[in-house]
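S.K.: Predicted structure and sequence below. I'll ask about it afterward.
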2 protein chains.
Amino acid sequence: MTETTQKHQATLEAAVQALHGRTFYAAFPENPSPDIYGADADAQGRAAFEARRSQPFAELQQGEPEAWVGQEESPYEQAPLGITYPFYSPETLVRNAQEVFGEWRKLKPAQRAALLTESLEGMRQRFFEIAYATMHTTGQAYMMSFQASGPHAADRALEAIAAGYEEQTRFPEETRWEKPMGKYNLSLHKTWRAVPKGVALVIGCSTFPTWNTVPGMYASLVTGNPVIVKPHPKAVLPIAIVVAEVQRVLAEHGLDPRICQLAVDADDRLIAKDLAENPAVKLIDYTGGSQFGDYIESLKGKTVFTEKTGVNSIILDSCDDLDKVVQNLAFSVSLYSGQMCTAPQNFFIPEGGITVAGQPVPYEEVVQKLAQAVQGLAQNPKAAPHVFGAIQNPATQERVQQLALDGGRSILAHGTVENPTFKNARTCSPSIHEIDSSKVEQFSQELFGPIMLVIKTKDTQESIRLAAQLAREHGAISCGAYTTNPDIKEQIMDEMSLAGTPVSFNLTGGIYVNQNAGFSDFHVTGGNPAGNASFTNPEFVIKRFTWVGFREPVA
Amino acid sequence: MTETTQKHQATLEAAVQALHGRTFYAAFPENPSPDIYGADADAQGRAAFEARRSQPFAELQQGEPEAWVGQEESPYEQAPLGITYPFYSPETLVRNAQEVFGEWRKLKPAQRAALLTESLEGMRQRFFEIAYATMHTTGQAYMMSFQASGPHAADRALEAIAAGYEEQTRFPEETRWEKPMGKYNLSLHKTWRAVPKGVALVIGCSTFPTWNTVPGMYASLVTGNPVIVKPHPKAVLPIAIVVAEVQRVLAEHGLDPRICQLAVDADDRLIAKDLAENPAVKLIDYTGGSQFGDYIESLKGKTVFTEKTGVNSIILDSCDDLDKVVQNLAFSVSLYSGQMCTAPQNFFIPEGGITVAGQPVPYEEVVQKLAQAVQGLAQNPKAAPHVFGAIQNPATQERVQQLALDGGRSILAHGTVENPTFKNARTCSPSIHEIDSSKVEQFSQELFGPIMLVIKTKDTQESIRLAAQLAREHGAISCGAYTTNPDIKEQIMDEMSLAGTPVSFNLTGGIYVNQNAGFSDFHVTGGNPAGNASFTNPEFVIKRFTWVGFREPVA
């Protein structure tokens, strides 16, 4: 164990430093180039994925299953994958976790951090397999599948490991406390332990099965808590591979692989509530809809980290080059067909239009340019399949198809996105609706998927007021703003900061409001109803353990 | 402001360093010696206190009051002090706080930290006045009144300021993020703000009106939140002086003194609930009973820090010198007549007795030695008044007098503690009851005041099991253990750490389980039902603000 710890110490220290520098840092290259990952890596990953179809996933080391279950379908094929996973009852999973708690919590934080870092090296060897698994469960396009589920997720995991390691080693393990009492000193030998809270549960979502799961999973593990990972039943494989890698490393070091378990729903029964309500479960990470998230947050006696839904806004006030702005926004709304938690939904545009390079541009012209850019991208045969991917859930497609807003006007009707490789892919191009700013109830909830709402406001002041109000009351994970006016910019920063919402200003070119960089951008702030978790600020790891001190007179 | 910031920078940095070293550190000397505090300091402080009797407290700078109220009584005199305080309705207090929020949050963390440190220097000038105010509201003896309400409280406040300052400056205010894209770099200018949560409320207790109030008060202030301090109606004066000092410093620097307000209950109506339930109040610190604490914790949409009640245990297994042990324990239970949140209540002693210097000593002998030590201290005319002080609340005295435990035997009956200086002091010496370990319900709640329960257990294993179980289920703030067996010691550390309870081992001589040192001992761990606050670990300050980031392409 000492050797392992030393081996990974440099990686950990670099990660801690990156976390505090917040400049660009990536431990895992996002470019799926053969020069980086090996000439055959892609082909082998693809073959590994293909070989899994219609087979049981037999890599897990968590005991004899009670059944084999599986209900994944490829959004590109609209057909079942046929992969089955071992099923264990919630009671079994929790009992297993309790059994291995002592073994795991008694390791030093540096030992746990090293083992977990080692598991990320194993994950790296399987980035391409994970990429194909992600494509055929989430509907993400190939590049996003690779980047988000592979290197970006591994970076976020490393960030959580580093943050947890740092927080647990921030105070001395022991010290001699000498209090001068005049003629003598009172001497106490003091020690401290970072004590993990107990069994941890991580509930994943269907769209980002590794990126949204590994931060909580690794944060709980590094702080000494055994973890039960409960993926969305439609997106199991990508995270099953990661859990298998963690179990492999644990077993190789003589530890019980059940320190990190996979909990798959039965085909006829969801088990998240049974797990969450078990009194032994002390920590819960959750990504998904607000209704279930609010239920998770309401459970007594649990420490909970959530990423729920929000209503993300774009505020248009003024810019230098409107064409570049609408290109950028069209891409943001089209990327993975708007199925990102950071995708913008509400576009606030003043009825008097905006200022472009010092000249007024009427409202209607801005709206039409935006619509044309969206339409242009959706109909671009070369780019569209790689940008839009496929629709994960049939309900998302139905939401777009059936959207009927009271008092609005349709600016662009949704369509399909042609995909030459996957003829049967479930696709949907964005629809754009206009709503008057007075109809707040029409635009104050998340309409997940490729739906854009143009909200016609009195002026930029009303745009800011509404964007901040929606974020405060209904949550927001991202916000984009375009303004060349420094006072307006400061006002937006101030008001959105009070609404706990990060703001990207004046993005054009190859960087988008939806993107979120490990080691630099905090993801979700905890400051509004969209969730109380933040990848990875100190709070995200500190709440997973408690400091307990011991003291004794020096002999 | 820059000058002020620079002036206090060294103090702050020393405090941050002390916080991380956890070796002995005291910024404010605990010795009330004329050599340290000045020849006339005591006399002047006493005179200042005496001059306040039957007068309005007119130092606060928070606007025209709606009434003048006051209901304090001296436990040493059992007579009203007659001091009145300005009363403001909860709505007025919250509106005031909202009005000044912008001004306070826009200061840099270093500026707030410097101003608050300056206020502690003002507090230091009034330690003796605060000491007499504390004696005549809480019933603490002179020395504890001076130390706990003066230097020890100021140290805890400085600790909170230092922790808050450090956490808010842990990430850069701005950075240039450059992502290599092959042929070019994507460059973003990124900035971050630590955004305070909003109006903060701090609810104080009757026994430690400054020590238990200043950590939350200063933690919320340093992180940019305006604070409303709501003291216990029977212990207002000590903290009123501190609030006045904060207001004086704010006003001297051109800031609105209402950034820190005192909220005194009306004579006919308690206002804590109205304040706590106000939607604008986002942060609450609470010290006091568990029933009200549980209510505070149940409020939706608030970040809450509590210190409630617990059941503190002493585990007796083996020792070198039983006489020294019982002297130490007798002092711990007698100090301030058992009215400390860290005072031990349940003494677990095996029915087979304990091992003393390798020799068995029967159970009954241990119990009688303990009782004799307690009796001896209570009847020591020189020491007793200075150790026991007076009983703050008549209900505490009644609890001791009326205690009737089912199935127990009385080992020592309570009595009075003679006080030659204050003939009319409300005093009470400890009563000791024996209870069999099977009667868990008889010893599983806090019996606040000078009450000791001797619990006769099967063996040390049962002692440990019960102490840990009570801490887990009912909370505990301290634990003392006496053992010369290293395996038993490790077992106690392990099991009590899982119950979130710090343990003092083998204390004899001039150090006691009740004592808790700023900058070294975490007070309350957050790991059991006794409370979720910990002075001062990072969690205690981090949860008072959120990190929000902004980014924009580099021009």
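M.R.: Yes, it's here.

S.K.: what about the strands in the stretch 251-400 of chain A?
M.R.: A:260-262, A:281-287, A:303-307, A:313-316, A:318-319, A:346-350, A:354-356, A:359-361 (DSSP state E, counting those that start in this stretch).

S.K.: who does the third one pair up with?
M.R.: So the one you mean is strand A:303-307. strand A:281-287 (parallel) (DSSP bridges).

S.K.: hang on, the earlier thing: between the strands of the stretch 251-400 of chain A, which one is nearest to residue A:293?
M.R.: strand A:303-307 (4.6 Å; Cβ to Cβ). Placement of C-beta: from N, CA and C, glycine included.

S.K.: Can I get the closest one in PDB? Just the C-alpha atoms.
M.R.: Extracted in PDB, the C-alpha atoms of strand A:303-307 (Å, rounded to 0.1, in the frame of the first residue of the first chain):
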ATOM      1  CA  THR A 303     -26.300  14.500   4.000                       C
ATOM      2  CA  VAL A 304     -27.500  15.100   0.500                       C
ATOM      3  CA  PHE A 305     -25.900  16.500  -2.600                       C
ATOM      4  CA  THR A 306     -28.300  17.200  -5.500                       C
ATOM      5  CA  GLU A 307     -28.200  18.400  -9.100                       C
END
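
S.K.: which residues are contacting that strand?
M.R.: Residues outside strand A:303-307 that contact it (Cβ atoms under 8 Å, 6 or more residues apart in numbering or on different chains): A:197, A:212, A:216, A:282-288, A:293, A:296-297, A:341, A:477, A:523-524, A:530-533, A:540, A:543-544.

S.K.: Show only the entries of these found in helices.
M.R.: Of the contacts of strand A:303-307, the ones assigned to helices by DSSP state H are A:216, A:293, A:296, A:297, A:540.

S.K.: check contacts around the fourth one.
M.R.: Contacts for residue A:297 were tallied using Cβ under 8 Å, 6+ apart; they are A:304, A:306, A:532.

S.K.: Kindly report the same for residue A:31.
M.R.: Applying Cβ under 8 Å, 6+ apart, no residues qualify as near residue A:31.

S.K.: Look at it and report its pLDDT.
M.R.: Per-residue pLDDT puts residue A:31 at 96.

S.K.: So for chain A, the centremost residue is which one?
M.R.: residue A:212 (3.0 Å; Cα atoms, centre = their mean).

S.K.: What count of nearby residues applies to the closest residue in space to that residue that isn't next to it in sequence?
M.R.: For residue A:212, ignoring the flanking residues on the chain, the nearest one in space by Cβ to Cβ, 6 or more residues apart in numbering or on different chains is residue A:287 at 4.1 Å. By other Cβ atoms under 10 Å in any protein chain shown, the residues close to residue A:287 number 27.

S.K.: CA atoms only: put the strand or helix carrying residue A:552 into CSV for me.
M.R.: Using DSSP states H and E, residue A:552 maps to strand A:545-553. What follows is strand A:545-553 as a C-alpha-only set of coordinates in CSV (Å, rounded to 0.1, in the frame of the first residue of the first chain):
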residue,chain,number,x,y,z
PHE,A,545,-16.9,13.3,7.2
THR,A,546,-16.6,14.8,10.6
TRP,A,547,-13.5,15.8,12.6
VAL,A,548,-13.2,14.0,15.9
GLY,A,549,-10.3,14.8,18.3
PHE,A,550,-8.7,12.9,21.2
ARG,A,551,-6.4,14.1,23.9
GLU,A,552,-4.4,12.7,26.8
PRO,A,553,-1.9,14.1,29.2
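
S.K.: Look up the closest residue to residue A:491, ignoring the ones flanking it.
M.R.: residue A:464 (6.3 Å).

S.K.: what pLDDT does that neighbour get?
M.R.: 98.

S.K.: In this structure it contacts residue A:490, no?
M.R.: No. Residue A:464 is beyond contact range of residue A:490, at 11.2 Å (criterion: Cβ atoms under 8 Å).

S.K.: More neighbours: which of these two?
M.R.: Neighbours were counted for residue A:464 and for residue A:490 using other Cβ under 10 Å; residue A:464 has more, 23 against 11.

S.K.: Shouldn't that one be within a strand?
M.R.: No. Counting by DSSP: H, G, I helix; E, B strand; the rest coil, residue A:464 is not part of a strand but helix.

S.K.: Can you give me the neighbour number for the closest residue to residue A:264 other than its chain neighbours?
M.R.: Closest residue in space to residue A:264, ignoring its immediate chain neighbours: residue A:85 at 4.3 Å, by Cβ to Cβ, 6+ apart. As a burial measure, residue A:85 scores 26 neighbours (other Cβ under 10 Å).

S.K.: Which of the helices or strands spans residue A:85?
M.R.: Per DSSP H and E: strand A:85-87 holds residue A:85.
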